[in-house]
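S.K.: predicted coordinates and the sequence they were generated for:
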Amino acid sequence: MLVVDLGVWLIPLTLVLVPCRRIVLLLSRLEELRRRMAARPRLATAEMWARFATLNSMAFMV
């Protein structure tokens, strides 16, 4: 019975927490990218393009 009770609470909780975690991670990466771009207002480097690529793939996950 304890296993069923845990399953009833654990499965919906993970369905809520996992997307929230991804959104928080996406927001933190966007904030980091914004700080880097504000600190160095020069042309986009390969590192910035790599960050844009990971953000794009993360946006599809959310």
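M.R.: Received it, and whenever you're ready, just let me know what you need.
S.K.: so where's this structure uncertain?
M.R.: 40-44, 55-62 (pLDDT under 70).
S.K.: now the helices for it?
M.R.: 2-39, 46-61 (DSSP state H).
S.K.: need the ones you listed in TSV (columns: mean neighbour count).
M.R.: (C-beta placed from N, C-alpha, C; glycine too.) TSV is the format used below for the helices of the chain (neighbours: other Cβ atoms under 10 Å):
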stretch	mean neighbour count
helix 2-39	11
helix 46-61	11
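S.K.: gap between Pro19 and Ala38?
M.R.: 28 Å (Cβ to Cβ, to the nearest Å).
S.K.: same check, this time on Trp49
M.R.: 17 Å.
S.K.: do the same with Ile23
M.R.: Counting by Cβ to Cβ, the gap from Ile23 to Ala38 is 22 Å.
S.K.: swap in Leu10?
M.R.: 41 Å.
S.K.: Ser28 now?
M.R.: Ser28 is 16 Å from Ala38, by Cβ to Cβ.
S.K.: pretty sure Met48 contacts Ala39?
M.R.: No. Counting by Cβ atoms under 8 Å, Met48 does not reach Ala39; the two are 11.8 Å apart.
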